[in-house]
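Enquirer: kindly generate the corresponding structure for this input.
(one chain, ligands or ions: 2)
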Amino acid sequence: MRYALWNYLHRANSNKQQARMMARHWLGNAWMKRNVGIDRPDIMSSSTNIDYRELRLRMRRGCTPTYMSRVSHCAFFLPRVFSSCRRYLGTRVEERSPLVVEGGTTSIGDGVKQTRELKESIEAQQKHVNTLELFGQTYVRDEWTNIPTMVMDKLGRNLHNQKHHPLWLLKERIKDYFYREFTGRCHKPLFSVHDTISPVVTTQQNFDSLLVPPDHPSRYHGESYYLNAKHLLRAHTSAHQRELVSTGLDAFLLVGDVYRRDTVDRSHFPVFHQVEGLRLFSSEQLFASVTGSGPAGLDLFEAGTRTTSKQESHSLEAAHLVASNLQHTLKGLIHFLFGTSVETRWVPCTFPFTHPSFELEIKFNNTWLEVLGCGVTEQKILHAAGAGDRIGWAFGLGLERLAMVLFSIPDIRLFWSNDECFSEQFKVDDIHQSICFKPLSPYPPLINDLSFWIPSGESFDDRDFYELVRTIAGELVQEVKLIDKYTQPGSGRHSRCYRLVYRHAERTLTKGEVDLVHRAIGSAVETQLGVKGRF
Ligand code: FA5
Ligand code: MG
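Expert: Ligands and ions are numbered 1, 2, ... in the order given. Got it, this is the predicted structure:
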């Protein structure tokens with residue numbers, strides 16, 4: 001079937017160079033090298049049509065779901081192949097979102113000849129239609145399921161655990177700070193570290209356990225990646241706070257990959273990594289020995305409490321001490337990582353699970369970049385976790401953002417790079433060795449705008465558009481910006497214009513390649529988001 005697709009791509013494109021490039025992208029470099037390193041006459045047959053019999057046979061014989069997602073990606077451009085895929089795999093290839101990966105990693109069937117085998121094969125196929133398999137668990141799909149291949153492919157990569165990856169390096173430095181600074185009896189580290197907890201969580205863990213109200217926007221379908229109505233890929237590492245506290249821990253760091261449907265720019269990515277920190281104190285510990293930060297802590301605490309009228313259930317004085325200790329700890333961490341070379345500021349904010357709450361921003365390339373959120377943990381959460389009347393703080397920091405500042409990495413997509421020029425720069429013997437990232441050759445951006453009408457009375461969610469762009473363009477798009485909004489007098493319909501900056505992190509893109517992807521996005525917004533293109 002790959003031959004058939006290659007054949008189709010090659011014949012459908014007058015530009016052979018471009019056809020090769022698309023084929024490499026979708027069929028994989030290794031396959032291309034093996035099979036079409038030099039144009040093979042048997043593949044480049046004289047027929048201009050796909051051999052559908054061959055296609056059907058190969059589909060039945062063992063298409064893995066991942067492979068099917070690639071096929072359906074191609075199918076975006078190849079309606080005939082697409083309908084054929086659908087005919088044989090039913091809803092495994094979704095029309096609305098061609099990049100959705102279905103099922104686990106086993107193949108569908110095995111050359112079905114006998115009736116019994118055929119029946120089994122159909123049953124197995126049906127199972128894949130209705131389920132998703134992740135980390136050995138099966139989840140029943142429903143109308144909440146919305147995980148695209150691009151995200152699925154990143155599951156299990158665990159960049160934070162890959163030795164010498166910049167995120168691993170930063171994690172190790174953060175651990176080192178906590179191990180050195182906070183020790184208990186016999187100099188044993190106070191903080192335990194957990195970095196292998198599965199990112200699949202329940203809505204109970206991600207929201208309810210943290211007092212996120214039922215109507216809170218973070219619960220919207222468009223905000224997160226759901227396996228089904230009850231399970232999602234964690235949107236923050238705070239999802240595990242309650243379970244870890246309830247195991248009796250009172251000081252821990254939790255490092256993990258987190259997933260969000262978010263904006264597209266240099267400092268946001270749908271998959272990123274957070275370090276969660278939490279520390280609890282008994283009131284004796286607190287009043288006897290906690291280190292605060294003097295008047296600066298008081299200012300911070302007061303700024304935070306002014307932002308909301310919520311009543312604290314624990315004493316203001318204790319909360320004040322905890323907030324000061326939190327600030328002291330984080331200031332120490334920033335100093336440990338950066339010395340005095342960065343400018344920082346605290347910004348009061350709100351989280352349902354802490355009060356008061358703050359964000360820390362660092363000046364990076366002349367703009368303020370938010371790197372973490374933190375606060376005094378809501379007492380209700382600690383009670384529910386069985387922590388009695390202890391009180392404490394928690395923080396959640398974005399590893400990518402801190403690493404960008406620390407190593408001068410200009411674009412968040414680079415963390416996923418397989419280019420050795422990138423990874424080699426972080427291979428150091430000592431985790432504290434200073435590293436200043438040398439940017440890979442600066443590949444030029446290609447900028448294309450996209451405008452469309454939204455029918456009057458219809459709502460339109462930017463994030464659906466971002467998601468669609470990511471689904472089709474993958475990591476070719478560096479940034480999507482809304483540059484114009486307009487309402488037509490009379491008809492009441494709205495127009496929007498987005499600017500798409502195409503830029504590959506590791507190579508120069510050609511205009512032809514980008515035009516093709518841009519056109520595909522143009523037709524997908526019409527068919528999938530119900531708008532009318534102005535192109
Ligand atoms: C949270 O996720 C809270 N759970 C943090 C927290 C923990 C608060 C404990 C209080 C107590 P927030 O959504 O602000 O907060 O994300 C925390 C950090 O993750 C951000 O400061 C940023 O550094 C990083 N981050 C958030 N979204 C993205 C993204 N799309 N790409 C890269 N990094 C991100
Ligand atoms: Mg934030």
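Enquirer: hey, let's count contacts and neighbours off CA atoms from now on
Expert: Noted.
Enquirer: pick out the residue of the stretch 151-300 of the chain closest to ligand 1.
Expert: Nearest to ligand 1, among the residues of the stretch 151-300 of the chain, is residue 268, at 3.4 Å (CA to the nearest ligand atom).
Enquirer: residue contacts, that residue?
Expert: Under the criterion of CA atoms under 8 Å, 6 or more residues apart in numbering, the contact list for residue 268 reads 262, 412.
Enquirer: who does it bridge with?
Expert: residue 265 (DSSP bridges).
Enquirer: give me the pLDDT for it.
Expert: We have a pLDDT of 94 for residue 268.
Enquirer: where in the stretch 1-150 of the chain is pLDDT low?
Expert: Scanning the stretch 1-150 of the chain for pLDDT under 70 picks out 1-26, 28-128.
Enquirer: packing partners for the host helix or strand of residue 348?
Expert: Using DSSP states H and E, residue 348 falls within strand 344-351. Helices and strands touching strand 344-351, by 3 or more CA pairs under 8 Å, 6 or more residues apart in numbering; DSSP states H and E, are helix 295-306, strand 354-364.
Enquirer: distance from the chain centre to the next helix or strand along the chain from the first one, please.
Expert: On the C-terminal side of helix 295-306, the nearest following helix or strand under DSSP H and E is helix 316-338. Averaging C-alpha positions (CA atoms, centre = their mean, to the nearest Å) puts helix 316-338 29 Å from its chain's average.
Enquirer: tell me the average confidence for helix 316-338?
Expert: For helix 316-338, the per-residue pLDDT averages 94.
Enquirer: so which bits of it are buried?
Expert: Buried positions in helix 316-338, judged by neighbour count with 16 or more other CA atoms under 10 Å: 318-330, 332-334, 337.
Enquirer: check whether that helix comes near ligand 1.
Expert: No. Helix 316-338 stays clear of ligand 1 (CA under 6 Å from any ligand atom), getting no nearer than 10.6 Å.
Enquirer: also stretch 221-233?
Expert: No. Stretch 221-233 lies out of reach of ligand 1 by CA under 6 Å from any ligand atom, never closer than 10.6 Å.
Enquirer: and the contacts of that stretch?
Expert: Counting by CA under 8 Å, 6+ apart, 132, 139-147, 199-204, 217-218, 235, 258-262, 463-464 sit against stretch 221-233.
Enquirer: okay, that stretch in PDB with CA atoms only?
Expert: Once non-C-alpha atoms are left out, stretch 221-233 reads as follows in PDB (Å, rounded to 0.1, in the frame of the first residue of the first chain):
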ATOM      1  CA  HIS A 221     -13.500  19.800  26.100                       C
ATOM      2  CA  GLY A 222     -11.400  22.300  24.000                       C
ATOM      3  CA  GLU A 223      -8.800  22.800  26.800                       C
ATOM      4  CA  SER A 224      -7.400  19.300  27.300                       C
ATOM      5  CA  TYR A 225      -6.800  16.000  25.600                       C
ATOM      6  CA  TYR A 226      -9.400  13.500  26.700                       C
ATOM      7  CA  LEU A 227      -9.300   9.800  26.300                       C
ATOM      8  CA  ASN A 228     -13.000   9.700  27.200                       C
ATOM      9  CA  ALA A 229     -15.400  11.600  29.500                       C
ATOM     10  CA  LYS A 230     -13.700  10.300  32.600                       C
ATOM     11  CA  HIS A 231     -10.000  10.100  31.600                       C
ATOM     12  CA  LEU A 232      -7.600  12.700  30.200                       C
ATOM     13  CA  LEU A 233      -3.900  13.300  29.700                       C
END
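Enquirer: list the buried residues for that stretch?
Expert: So, applying 16+ other CA under 10 Å, buried residues of stretch 221-233: 222, 223, 224, 225, 226, 227, 228, 231, 232, 233.
Enquirer: now those as CSV including secondary structure, pLDDT and distance to residue 167?
Expert: What follows is the buried residues of stretch 221-233, written out as CSV (DSSP: H, G, I helix; E, B strand; the rest coil; pLDDT from 0 to 100; distance: CA to CA, whole Å):
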residue, secondary structure, pLDDT, distance to residue 167
222, helix, 93, 27
223, helix, 95, 24
224, coil, 97, 23
225, coil, 98, 22
226, strand, 98, 25
227, coil, 97, 26
228, coil, 97, 30
231, strand, 98, 26
232, strand, 98, 23
233, strand, 98, 20
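Enquirer: who are the packing partners of the host helix or strand of residue 449?
Expert: If you go by DSSP H and E, residue 449 is part of strand 446-454. Judged by 3+ CA pairs under 8 Å, 6+ apart, strand 446-454 is in contact with strand 494-502, helix 511-529, strand 532-533.
Enquirer: and the angle for the helix or strand following that strand with helix 511-529?
Expert: Downstream of strand 446-454, the first helix or strand assigned by DSSP H and E is helix 462-473. Here the directions of helix 462-473 and helix 511-529 differ by 140 degrees (axes from the mean of the first three to the mean of the last three CA atoms, to 10 degrees).
Enquirer: noted, bye for now.
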